[in-house]
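Peer 1: next input, structure requested:
(one chain, ligands or ions: 2)
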Amino acid sequence: MAYYVPVMLDLHGRRCVIVGGGHVAERKVSSLVDAGAEIVVISPEISETLRQRYEEGRLLWINRNYQRGDLNEAFLVFAATNQAEINDAVVQEANYLNIPVNHTGDGEKGSFITPSVLRREKLVVAVSTSGAGPGASRDLCRTINEHYGDDYEMYIHFLSSVRSEVKRMVHHEGLRKKIFRLLSELDILSQISAGTFHNWDQDMIRCWIEEVIAEHQEEMR
Ligand SMILES: C[C@@]1(CC(=O)O)c2cc3[nH]c(cc4nc(cc5[nH]c(cc(n2)[C@H]1CCC(=O)O)[C@@](C)(CC(=O)O)[C@@H]5CCC(=O)O)C(CC(=O)O)=C4CCC(=O)O)c(CCC(=O)O)c3CC(=O)O
Ligand SMILES: NC(=O)C1=CN([C@@H]2O[C@H](COP(=O)(O)OP(=O)(O)OC[C@H]3O[C@@H](n4cnc5c(N)ncnc54)[C@H](O)[C@@H]3O)[C@@H](O)[C@H]2O)C=CC1
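Peer 2: Ligands and ions are numbered 1, 2, ... in the order given. Reported below is the predicted structural model:
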């Protein structure tokens, strides 16, 4: 089994080609739409939902069978037809062009697979079984969803606002590192869970950062 390396792709404005227009293609397309990708679906038939997306102008639809040459200029490719030999041919062309490709009919034949995803604003949890059991990935994601609820989302929101202020105010690398470490040591998540956390406004964030700077400036010299 392949040793998969997880990455987080920013697909905004990137051309993603999906060959096939059925149930599976539809699922892969739906996250690409949310990502703002430039989506091209190649298939003689497409599902009702894909047709709606097409009519809304969210994707380009090439209404015919796949042909070699269709993957030119693609950033990412999904082979999602119900014809094994077509999916194989798509993978072959993508490999030739050095474009990452997802083979939905036989994961190991492609160069990437897609995990099950739980998303709460900035928090993204991706679960994969490396292809061993996609249903198990989905179930584990649901279980995680039940355990890490709104508390975590609030915590991530807090971290994000403090971190961006630190990046703006502090340019000394060592000091930044120190502040980020102290930030992770504040027991904010427990406070949120206990209902005792009051969100920090911009002034409180700045005050905390200034205090930490004052305390640690000496050792950074
Ligand atoms: C390798 C991988 C390649 C890839 O597609 O990237 C792959 C491959 C295959 N899936 C198959 C079947 C099903 N897959 C699902 C569902 C999902 N499949 C997803 C990912 C992956 N599926 C990648 C591995 C992920 C991992 O394990 O890490 C999810 C997580 C994410 C997504 O699709 O984006 C999404 C859940 C989304 C969610 O709700 O969270 C369902 C359920 C359903 O459709 O409702 C079924 C039917 C039930 C069953 O069989 O379990 C088959 C057999 C096809 C056949 O029998 O012909 C293959 C072929 C093979 O085994 O290689
Ligand atoms: N990776 C995954 O998560 C899953 C993968 N699968 C696999 O994915 C495959 C597709 O499943 P579904 O979407 O449910 O099938 P489907 O039958 O709903 O759709 C197949 C699509 O492929 C298109 N197609 C067929 N020949 C084509 C060609 N030459 N060029 C372009 N498009 C072509 C058809 O027009 C149709 O839109 C199945 O064969 C199955 O093995 C099934 C379930 C989950």
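Peer 1: shaky segments in this structure?
Peer 2: Where the chain drops to pLDDT under 70, the residues are 220-221.
Peer 1: one more time with 90
Peer 2: 1, 120-123, 145-153, 187, 193, 215-221 (pLDDT under 90).
Peer 1: quick one: name the residues of it near ligand 1.
Peer 2: Within the chain, the positions lying close to ligand 1 (C-beta under 6 Å from any ligand atom) are 27-28, 102, 104-107, 113-116, 128-135, 137-138, 141. Just so you know, the C-beta spots here come from the backbone N, C-alpha and C atoms, and that holds for glycine as well.
Peer 1: just the buried members of those residues?
Peer 2: 28, 102, 104-105, 107, 113-116, 128-129, 134, 137, 141 (16 or more other C-beta atoms under 10 Å).
Peer 1: once you drop chain neighbours, what's closest to residue 66?
Peer 2: residue 19 (4.7 Å; C-beta to C-beta, 6 or more residues apart in numbering).
Peer 1: which residues touch the one you found?
Peer 2: Counting by C-beta atoms under 8 Å, 6 or more residues apart in numbering, residue 19 touches 25, 42-43, 66, 70, 77-81, 86-87, 90.
Peer 1: could you dump those into JSON lines with neighbour count added?
Peer 2: Formatted as JSON lines, these follow (neighbours: other C-beta atoms under 10 Å):
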{"residue": "25", "neighbour count": "25"}
{"residue": "42", "neighbour count": "24"}
{"residue": "43", "neighbour count": "21"}
{"residue": "66", "neighbour count": "22"}
{"residue": "70", "neighbour count": "18"}
{"residue": "77", "neighbour count": "28"}
{"residue": "78", "neighbour count": "29"}
{"residue": "79", "neighbour count": "31"}
{"residue": "80", "neighbour count": "27"}
{"residue": "81", "neighbour count": "25"}
{"residue": "86", "neighbour count": "17"}
{"residue": "87", "neighbour count": "25"}
{"residue": "90", "neighbour count": "29"}
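Peer 1: lovely, talk soon.
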